[in-house]
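Trainee: Coordinates for the following, if possible.
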Amino acid sequence: MDINIVKKLVCILLDVEITRMAYFIDLFSPETYETFTRSSRDISRFRLRHKGMADRIKQGDVFVCYLTRLSRWFGLLEVCSTSAASALVELTLVNVNCH
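Mentor: You can find the predicted model right below:
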């Protein structure tokens, strides 16, 4: 039997919804990276024109962080909660490897 069918049956029996995390690329310039590292690192803001994308972000999603101009991946941030009204996302630092 296909594993996906088994998962669906178990969820139906337990009345639990299957959710999957999504991954988003979060771009930082050297300047915004410096600002972020001096902050509490628990909020990410989006430009108003990106509000539609920000509205799709949900708890449990992961931001994969990329530093432009230096072409470096530097961390993963897990979304703890969102505020659609202000396009703010509360984050938990999952893993950061900055060199």
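Trainee: And the helices in this structure, which stretches?
Mentor: Using DSSP state H, the helices of the chain run over 3-14, 30-38, 51-56.
Trainee: Return the list of strands paired to the longest strand anywhere in the chain, each annotated with direction.
Mentor: Assignment by DSSP state E gives strand 72-83 as the longest strand of the chain. Strand pairing for strand 72-83, using DSSP bridges, gives strand 62-67 (antiparallel), strand 88-96 (antiparallel).
Trainee: For it, list every residue counted as buried.
Mentor: For strand 72-83, a neighbour-count test (16 or more other C-beta atoms under 10 Å) marks 74-79, 82 as buried. For every residue, glycine as well, the C-beta is placed using N, CA and C.
Trainee: same deal with stretch 29-45?
Mentor: Quick answer for stretch 29-45 (16+ other C-beta under 10 Å): 33, 36, 44.
Trainee: Kindly report the same for stretch 47-55.
Mentor: residue 54.
Trainee: Pick out the shakiest of the helices of the chain, pLDDT-wise.
Mentor: Lowest mean pLDDT within the helices of the chain: helix 3-14, a mean of 61.
Trainee: Show the contacting residues for residue 27.
Mentor: 66, 68 (C-beta atoms under 8 Å, 6 or more residues apart in numbering).
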